[in-house]
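# sequence plus predicted model, see below.
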Amino acid sequence: MTSTFNIHKTIAFLLNAIIIGLIIYFVFKTDSDKSPIIFMVLYQALTVLNLVIAFVLGLLKSTQAKIYKQIVVGQILLFVPLILIISQF
C-alpha cells in the first residue's frame, strides 16, 4: 500500500511540475505583454483541476486525496512568487 501511494505521489508531483514548467516555457517563448495573464489563467486552471481531483477522491474516501491537497496548497503558495518572476520578463 505504501509503495503504490509513494509511486502515485511521485507521478502526481512530477506531472504537475512538468505542466507548470511547460506553462512557464510557453510564457517566456511568446514574450508578449499578455503572457502573465496567460500564465495566471492556465496556472489557476491547473490548481482548480487538482482541487476537483482532491474533492472527488475525498468523497470516495481515498487516501490519494491527501496528495492532491498538498499539490493545491503548494500551488497556492507558489502563485505570487511565480507571478513576480513572470512579470519581470
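Yep, it's here.
# what's stretch 74-89 in contact with?
Stretch 74-89 has contacts (CB atoms under 8 Å, 6 or more residues apart in numbering) with 16, 20, 24, 27-28, 31, 35-36, 39-40, 43-44, 46-47, 50. For every residue, glycine as well, the C-beta is placed using N, CA and C.
# which strands and helices sit next to the longest helix along the chain?
Within the chain, and with DSSP state H defining each element, the longest helix by residue count is helix 2-30. Contact analysis of helix 2-30 by 3 or more CB pairs under 8 Å, 6 or more residues apart in numbering; DSSP states H and E lists helix 35-59, helix 65-87 as its packing neighbours.
# in that helix, what's buried?
Neighbour-count burial for helix 2-30, with 16 or more other CB atoms under 10 Å as criterion, is recorded at K9, A12, N16, I20, I23, I24, V27.
# between it and helix 65-87, how many degrees?
Relative orientation of helix 2-30 versus helix 65-87 (axes from the mean of the first three to the mean of the last three CA atoms, to 10 degrees): 20 degrees.
# and helix 2-30, what's its mean pLDDT?
Mean pLDDT, taken over the full extent of helix 2-30, equals 91.
# all set now, cheers.
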